[in-house]
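Enquirer: Just to be clear, the model below is a prediction. Sequence and coordinates:
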Amino acid sequence: MVLFNVGIVFSQELRTVSHQAFIRGEVLEYKASYGIIDAARAKLTIKADAVMVGKRSTFHVVGTGKSLGAFNWLFKVEDRYESFIDDKAMLPWVFLRRVHEGGFVMKRNVYFNQYKHTAKVKNLKDNSKKNYDTKLNTQDLLSSFYFARTLDLQNATIGQEFTIPTFFDHENYPMKIKFLGKEKVKTDLGTFNCLKFVPLLQEGRVFKARESMTIWLSDDQSKVPIRLKTELLIGSIKLDLDSYSGLIAPLSEVKKKKKD
């Protein structure tokens, strides 16, 4: 299926990223809690069908988040992100952002030219457009997560940092993640061997400190996010994997939860 004709002259000069971390059809579902409150549900899906952007085949990835119950009275959230990620180069061509958070609404498309290292940002609310320069091998917010899963972490050392060039909210940002070692993580699904990372974030209005977020990836071929915990200026939010399907390989499960 051809979904976008983005006016790019395609060549064969992009990088090639070989991996066995995920395949089309993968679905990851998460439950989010704010303290003891069930706050939201989140879902990450790699659609089953390839989408052609010009002459390039892509993974069509969709991420959604929706607040639940009483949390809607505090801060209603209904977000949808889509990325069309080159399935050989693991680079985004198109990024769609639809945000409804409290009274804030955003509808924005980003069109990447990975050959010329540019991004065209279109705001659908007022039909405004603006072009930006980007870095070599730039990711969007969603594709950076999938690219991180392709990294070879077998020989990672504690304290080692990985840098991923990212374009988000009209600016280039060198996303850095620091490896903290290995841990076992117990969830409602069971207990898993995990690799522990801290993204180095920008301090500001939301995050308490530069290392306020911690991510645990399964220590296996798939490197699935098992848990994400974020310390906010007020309280903390924890996301735990709640269900999954379509994985390329089994999770590194230590102990399954006993069924009632």
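Expert: Structure's in. What do you need? Numbering: from 1, shown residues only.
Enquirer: who touches Ser44 in this structure?
Expert: Quick fix: residue 44 reads Leu, not Ser. By C-beta atoms under 8 Å, 6 or more residues apart in numbering, Leu44 lies in contact with 26-30, 61-63, 145. Just so you know, the C-beta spots here come from the backbone N, C-alpha and C atoms, and that holds for glycine as well.
Enquirer: And it, how close does it get to Asp133?
Expert: 29 Å (C-beta to C-beta, to the nearest Å).
Enquirer: Ok, Val77 next?
Expert: In terms of C-beta to C-beta, Val77 sits 32 Å off from Asp133.
Enquirer: Repeat that for Trp93.
Expert: Taken as C-beta to C-beta, the span from Trp93 to Asp133 is 17 Å.
Enquirer: Between those two, point out the one with more neighbours.
Expert: Higher neighbour count among Trp93 and Asp133: Trp93, with 26 against 11, using other C-beta atoms under 10 Å.
Enquirer: the bottom helix or strand of this structure by mean pLDDT?
Expert: strand 2-4 (a mean of 55; mean pLDDT, DSSP states H and E).
Enquirer: That one: what's the following helix or strand?
Expert: As assigned by DSSP states H and E, the chain's next helix or strand after strand 2-4 is strand 27-34.
Enquirer: quick one: the helix or strand just after that next one to strand 27-34, angle?
Expert: Moving toward the C-terminus from strand 27-34, the next helix or strand (DSSP H and E) is strand 37-46. Interaxial angle of strand 37-46 relative to strand 27-34 (axes from the mean of the first three to the mean of the last three C-alpha atoms, to 10 degrees): 160 degrees.
Enquirer: For the helix or strand following strand 37-46, give the mean pLDDT please.
Expert: Per DSSP H and E, the first helix or strand lying C-terminal to strand 37-46 is strand 51-53. Strand 51-53 shows a mean pLDDT of 95.
Enquirer: next one: strand 51-53 to chain centre, how far?
Expert: 20 Å (C-alpha atoms, centre = their mean, to the nearest Å).
Enquirer: Show me what the next helix or strand after that strand is packed against.
Expert: Beyond strand 51-53 on the C-terminal side, the first helix or strand identified by DSSP H and E is strand 56-67. Using 3 or more C-beta pairs under 8 Å, 6 or more residues apart in numbering; DSSP states H and E as the contact test, the elements touching strand 56-67 are strand 37-46, strand 51-53, strand 78-86, helix 141-148.
Enquirer: what about 7 Å?
Expert: strand 37-46, strand 78-86, helix 141-148 (3 or more C-beta pairs under 7 Å, 6 or more residues apart in numbering; DSSP states H and E).
Enquirer: averaging pLDDT over each of these, which comes out lowest?
Expert: Note on these: lowest mean pLDDT is at strand 37-46, with a mean of 91.
Enquirer: list the buried ones in it?
Expert: Buried residues in strand 37-46, defined by neighbour count with 16 or more other C-beta atoms under 10 Å: 39-46.
Enquirer: Of the residues you listed, which is the nearest to Ser67?
Expert: Using C-beta to C-beta, Ala40 comes nearest to Ser67 of these, at 4.7 Å.
Enquirer: contacting residues for that closest one?
Expert: Shown in contact with Ala40 (C-beta atoms under 7 Å, 6 or more residues apart in numbering): 32, 65-68, 71, 77.
Enquirer: Out of those, which one has the lowest pLDDT?
Expert: Of all those, Phe71 carries the smallest pLDDT score, 68.
Enquirer: Find the nearest non-adjacent residue to Ile46, please.
Expert: The shortest distance from Ile46 to any non-neighbouring residue, by C-beta to C-beta, 6 or more residues apart in numbering, is to Glu26 (4.6 Å).
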